[in-house]
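In: could you work out the structure for the sequence below:
(chains A and B)
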Amino acid sequence: MAEPSQLSHLTESFVDSSRSPTQQAASLDKIASLVKNDVLTMEGLVREMQMYLTTTDNIVRARGILLLAEVLTCLATKPLDNATLHSLIGFFTDRLADWKALRGALVGCLALMRRKSSAGVVTSTDAKAVAESFLQNLQVQSLGQHDRKLCFELLECLLERYPNTVTPMGDELIYGICEAVDSEKDPQCLMLTFHIVEVLVQLFPDTSGPFASFAGDLFEILSCYFPIHFTHPRGEDLGIKRDDLSRALMLAFSSTPMFEPFAIPLLLEKLSSSLPSAKLDSLKYLSSCTSNYGPERMAKHARAIWLSIKDALYTSLQEPTLSFTSESLDGLVFQENEIAKEALTLLQQVIVQNNGLFLSLIVEDEDINIILNAVPSYESYSDIPLQGKLKLFAAGCILSISTKTSVACCNMIFESFFPRLMEILGLSEKKLSGDHSPKDNYLISKRLNFGALYLSVELLAACRDLIAGSTQIACKSVSTYETSYCMLHSFSNLLTKAFCSTLVTSPHDADIYFGVKGLQILATFPGDVSPVPISKFENILITFMSIITMDFKKTLLWRLALKALMNIGSFIDKNNESEKILSYMRIVVEKIVSLVSLDDVTMPFPLKLEAISGIGRSGLNYMLHIIQGFEEALFANLSEIYVHGNVKSAKVTIWLLECYSNKLLPWIHENGVFEEVLLRFPINIWKQIESCVDFSVPEKELLDAMMTAMKHAVAFCSEESQNEIIQKSYNVLSSSTSFPLKESVALTIPFQLEGLQLTQKMDNLSCRDEWILSLFASVVIAVRPQTHIPNVKVILNLFITTLLKGHVPAAQALGSIVNKFGKSSTGSEISSDCTLEEALDIIFQLKLWTHLDNGALLRCSVNGSEMGHTDLCQAVVNNKLPQILAITGLSWIGKGLLLRGHDKVKDVTMIFLECLLSNGNALPLSQHSLENSCEQDLRASVMKSAADAFRVLMSDSEVCLNRKFHAIIRPLYKQRFFSTMMPILQPLIMKSDSLLSRSMLYRAFAHIISETPLVAVLGEAKKLIPILLDCLSMLNKDAQDKDTLYSLLLVLSGILTDKDGQEAVVDNAHLVINCLTGLIAYPHMMLVRETAIQCLVAMSELPHARIYPMRIQVLQAISKALDDSRRAVRQEAVRCRQAWASIASRSLHF
Amino acid sequence: MTLGLINANPVVHAKKERVARTEDPHGDDAVDPLDIYDILLLLLFFLLSVLSEESITVDEKLGRILITFTPTIQHCSMATVIGLCLRVKLKHCFPPHYKVDIKVSPGSHANEESVNKQLNDKERVAAALENPNLRQLVDECLYSSEL
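Out: Numbering: from 1, shown residues only, chains lettered A, B, ... in the order given. Model prediction:
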């Protein structure tokens, strides 16, 4: 037992209204935990609190009762015996009459009533007493919002948990509830009242019961909320939105059929309102009511509902647009319209409920008949006036929805409308009578009427959807939709012809669209119930194919036909219709494959590729077939090139390769079970190259396309296939090239000497060797980390040698090797014949880079070699200098290391930095001044390439070392590199006394900072700003640096538009403004000018005192920009001027 | 005398939907009437349809801009203020070498000649802008729609 004094202390602190809410809550918690842990019994608590519960002081009593109630709320799961429960609920029931201390009584009742049966519940007798006391004592609407909410919760609880107890109370209960909910306005309470009504009516389902007499009154209370108009400014505070309220009210509305006489007229009336939300709600409510009220009650409203639906459709539709842009081929597009959508949903619902009645309404409807009668008077789409189009479209929607609803509806609609439409199209039955043979020859001479064409295609589509949607019905009871089926069957032949002729003759887009659609629908009826025999199906395919091969100049028709073919293909593939698939294969797939291999120049090749990849993507079988033909064509072309050097084939081959890597490969991979298909392509390429001993292909572009295709194909392969590919390629490389593939060779080659022969080394490489090397590099770039690369050491040596000859893919492959070395994707080490450390030792031991760096070589090359001065300068211009090649190579290796977060990347960057710092004075002065200047040039270009190496390190590459090619990428590597480099670069820049090396350091800085995520830069912004500004003014000088300048300026603009960034800028505001005003007139790039001005606008938001002194400077600079040659800049300038002028005064004088 | 508005209930026109201009990514853009129209569109009284695209002409070679506007009513006392606003606004948005001529369209104002004279007289414009009351009026007119 707890100390009585402690308990009274706790009680006192809760009851005392001067204490803070937290104190009160804490004492409540303590008391509750005492009871929960059986330190205190419930009885003991009540006895202890006796004084508080019975005192005549209203405030203290209210708090006391509330405390007891809150404790009970906390004890919802603690078992209590029946006697305790009985006495407690008795107490609270009694207290409901005590309006001065009501809150506690309500909370207490709720807490007790809501208990789970396992912990002991209130008996039904007690519940009845609660209900009676509630109805007798409470004037709900006179209470405050929170109390009302509690009241409603209590009511809800009573109705839901004690239905059998409260039902006998009948009239009294219903009347009480009506009174309680009347004119409620709070959204939270409304949610509860709507639910209460919904629960209440379920208790009195009897139409002659006590509820019947109250239905009208209760509905009157509800009806004033419809349609919900909820403008609470911050709906999220309450967690209630307009939609929630609307849905709750809808459930209340549709809860009982007894509301029908009141609800339906109200909804129909509101449907005619001009407020869109009211219309929308009415339609939704009508749908809900229809399903709940039942067909008998709804029947008498049928006509009114039909008229309203029709009206809503007509008025809500807007002008259609014919949309045949390159991406979408949607045909007639009406703006997405919620009202029309809801109206159609409602229509479908009422038709489902009362088939006969509504169909007869539709069939006999005057408007629809008028529309049909008007159809023949307009021949083509463009002749129809806007209103006519809307009506036609509305009729199409109505007919389509009603056809789709059921088989019986389909029959009826077809019977009533189809013959008429056929007659308008000129395909009437009379012409059909007679024997079958002339029918086939019947030619449609006249142009088809657009309206009839549109409506019949809609009907066909709906019928097809109905049959396809319920194939099980279709299989067993074909006879049930006999009528429509027979009609379709008898007209299918003529319709096919008519649609085909439309395609050929009609000049109108809309006609063509529906012609193609009609044919597609006819071809996509499910197999066993198709009205179109297989021969006609083939005819349709042939028609489309002839469009594909002949009519490629009619862009729209061509695209529509291709799309239709794709749809047909995927449909029959999905439904597994073997007979049709065979025809499709024969007519479409084979034909299209032959297109690619044929040397046919009439049809543009890119279109052929579009068609082939489109058809291929519509089904697995087609793709397998197509890819085979595709590869055959590709290899035929390639051998043409290899053997005969046929340049014309090269163009085609590049197209083929692009299509292969961009369209086919990704699809195969996505739908992929075709490991062998993926594997076949690279292996075959290698085989082909192996067998062609002598070839020369001048096309660089072709090699690039080959490499891309090779990379993609290899990247998609599994590890085993990759092993196979790389083994194959290694064999080719080692057996049939002139490369020295011995481990020791590379180490003994005196690299300096190699380097001495400055240029043209790459050109000495035979064409075939270059191809093999490049393709091999591509394979290495794309393999997974787990894949085993044979003879790594040898390959490393080979790549190092070749990269020094200027072969960039070799460098990228090296980077890729060191990136993936010895690490699987899961991070576990993989054993190999060479570890990463060994590999790196091989690379770095050569000391190649440092040797090249110290200038000795340069002297050699100038003085010692046979090479003339002009050659040397030429080499500088072409970036063929061995130093530059070495630096480029090293940058890719460094990138590989950086991505995986290896420490060695520091060594690489140190080499670059040394290059940057090596001072011009270190060079021995040459005797000849001309040579000296050339040396300076050399030095500068080496330094520049070292600075640009940082861009390679930081930027994302498309060609290698990315996720697609399975690179190991450590998270946040850019940030990490940034934060290691900045402390090194900053002092170097400060200390650097040579102009050249400082400018190169700036360059490196610019590359790093412009690739770093802005968040990281923002943290350091304060320190970086001065350097960044110097950097900008340095880059300002050379037009070649405009892209670097722009990306750096974007970093600055990122800083300036950020809150923290602005704080960092404040101290250097004048420097920033000096720099930006300088850039306003940057002549080489419009974007730089525009961004600089935008930065100035951002600057105008800095603290007034800081920027005011610069105001005139900015305004003067801006006034020049007002006269810029580009409009975008002028407009920004006006904005900027406005911003700066208004910081001082409203007047713009200065 | 009551301080009533001269045209208390003017016809307010909706802003016209503008067709997006196709931008040429390279090459220079000459100043055209549309530019000026865009800038002036920001002013509130534009809704009163005192200006239209057709009433603006630009000669970029000579650096001249001619604007003809139509006051809402014949004896509109605001005509000079409107003209002044146009002038000040254009001064802010175009480099100083442009010469701006502002006129009321022929026959649209009772004192057409004097208004035109007043609007294009450098000294008078300068004097008007030195008048604190007028200045405030012009500033309010310019900024009410922009701030």
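
In: now do the strands in chain B.
Out: For chain B, applying DSSP state E gives strands covering B:56-59, B:64-69, B:99-104.

In: okay if I get these as TSV plus distance to chain A?
Out: No exception for glycine: its C-beta is placed from N, CA and C like everyone else's. Listed next are the strands of chain B as TSV, based on distance: least, C-beta to the nearest C-beta, whole Å:
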stretch	distance to chain A
strand B:56-59	13
strand B:64-69	13
strand B:99-104	13
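
In: tell me which of those approaches A:Val122 most closely.
Out: Smallest distance to A:Val122 across the strands of chain B (C-beta to C-beta): 81.4 Å, for strand B:64-69.

In: tell me which residues in the closest one are buried?
Out: B:Ile65, B:Ile67, B:Thr68, B:Phe69 (16 or more other C-beta atoms under 10 Å in any protein chain shown).

In: pLDDT score for the second one?
Out: What it means is B:Ile67. In this model, B:Ile67 is scored at 87, pLDDT.

In: what is the neighbour count of A:Phe716?
Out: 24 (other C-beta atoms under 10 Å in any protein chain shown).

In: next: A:Glu631.
Out: Count around A:Glu631 with other C-beta under 10 Å applied: 18.

In: which elements pack onto the host helix or strand of A:Leu466?
Out: Using DSSP states H and E, A:Leu466 falls within helix A:450-469. Applying 3 or more C-beta pairs under 8 Å, 6 or more residues apart in numbering or on different chains; DSSP states H and E, one finds that helix A:450-469 contacts helix A:386-405, helix A:407-425, helix A:482-505, helix A:509-523.

In: if you count neighbours, what's buried in the longest one?
Out: Translated: helix A:482-505. Buried, per 16+ other C-beta under 10 Å, within helix A:482-505: A:483-485, A:487-488, A:491-503.

In: how about the second one?
Out: By 16+ other C-beta under 10 Å, the buried positions in helix A:407-425 come out as A:407, A:409-414, A:416-418, A:420-422, A:424-425.

In: so it versus helix A:450-469, what angle?
Out: Angle, helix A:407-425 to helix A:450-469, by axes from the mean of the first three to the mean of the last three C-alpha atoms, to 10 degrees: 150 degrees.

In: on that earlier part again, tabulate the strands of chain B (JSON lines), appending distance to B:Ile82.
Out: Below are these laid out as JSON lines (distance: least, C-beta to C-beta, whole Å):
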{"stretch": "strand B:56-59", "distance to B:Ile82": "14"}
{"stretch": "strand B:64-69", "distance to B:Ile82": "6"}
{"stretch": "strand B:99-104", "distance to B:Ile82": "9"}
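
In: roughly how far does the residue most central in space within chain B sit from B:Pro106?
Out: By C-alpha atoms, centre = their mean, chain B has its centre lying nearest to B:Leu86, at 3.0 Å. Taking C-beta to C-beta, to the nearest Å as the measure, B:Leu86 falls 17 Å from B:Pro106.

In: who in the stretch 251-400 of chain A is up against chain B?
Out: Within the stretch 251-400 of chain A, no position is near chain B by C-beta under 8 Å from any C-beta of the partner chain.

In: now do the strands in the stretch 251-400 of chain A.
Out: A:321-323, A:331-333 (DSSP state E, counting those that start in this stretch).

In: list the contacts for the residue lying closest to A:Ala343 once chain neighbours are set aside?
Out: Leaving out its chain neighbours, the residue that sits closest to A:Ala343 by C-beta to C-beta, 6 or more residues apart in numbering or on different chains is A:Ala312, at 4.4 Å. With contact set as C-beta atoms under 8 Å, 6 or more residues apart in numbering or on different chains, A:Ala312 has these partners: A:Leu271, A:Lys279, A:Leu283, A:Ile339, A:Ala340, A:Ala343.

In: most neighbours among these, which one?
Out: With neighbours taken as other C-beta under 10 Å, the top of the contacts of A:Ala312 is A:Ala343, carrying 32 neighbours.

In: contacting residues around that residue?
Out: Residues near A:Ala343 by C-beta under 8 Å, 6+ apart: A:Leu283, A:Ile309, A:Ala312, A:Leu313, A:Ser316.

In: columns pLDDT on top of these, output as CSV?
Out: CSV is the format used below for the contacts of A:Ala343 (pLDDT from 0 to 100):
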residue, pLDDT
A:Leu283, 89
A:Ile309, 87
A:Ala312, 84
A:Leu313, 82
A:Ser316, 78
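
In: okay, now the unreliable bits of the stretch 451-600 of chain A?
Out: Residues of the stretch 451-600 of chain A that meet the criterion pLDDT under 70 lie in A:470-482, A:598-600.

In: ugh, typo on my part, it should be chain B
Out: For chain B, applying pLDDT under 70 flags the ranges B:1-28, B:41-49, B:144-147.

In: now with 80, please.
Out: For chain B, applying pLDDT under 80 flags the ranges B:1-54, B:72-78, B:140-147.

In: get me the contact residues on chain B for chain A.
Out: B:23, B:28-29, B:31, B:35, B:38-39, B:88, B:91-97, B:135, B:139, B:143, B:146-147.

In: so which bits of stretch A:44-58 are buried?
Out: Those buried within stretch A:44-58 under the rule 16+ other C-beta under 10 Å are A:Gly44, A:Leu45, A:Val46, A:Glu48, A:Met49, A:Tyr52, A:Leu53.

In: want to throw these into TSV with pLDDT, distance to A:Ala1105 and secondary structure?
Out: Shown next, in TSV, are these (pLDDT from 0 to 100; distance: C-beta to C-beta, whole Å; DSSP: H, G, I helix; E, B strand; the rest coil):
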residue	pLDDT	distance to A:Ala1105	secondary structure
A:Gly44	85	69	helix
A:Leu45	87	65	helix
A:Val46	88	68	helix
A:Glu48	84	66	helix
A:Met49	85	64	helix
A:Tyr52	86	62	helix
A:Leu53	86	65	helix
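
In: contacting residues around the closest residue to A:Asp171 other than its chain neighbours?
Out: Closest residue to A:Asp171 apart from its sequence neighbours, by C-beta to C-beta, 6+ apart: A:Pro210 at 4.9 Å. The contact partners of A:Pro210, by C-beta under 8 Å, 6+ apart, come to A:Gly170, A:Asp171, A:Ile174, A:Phe204.
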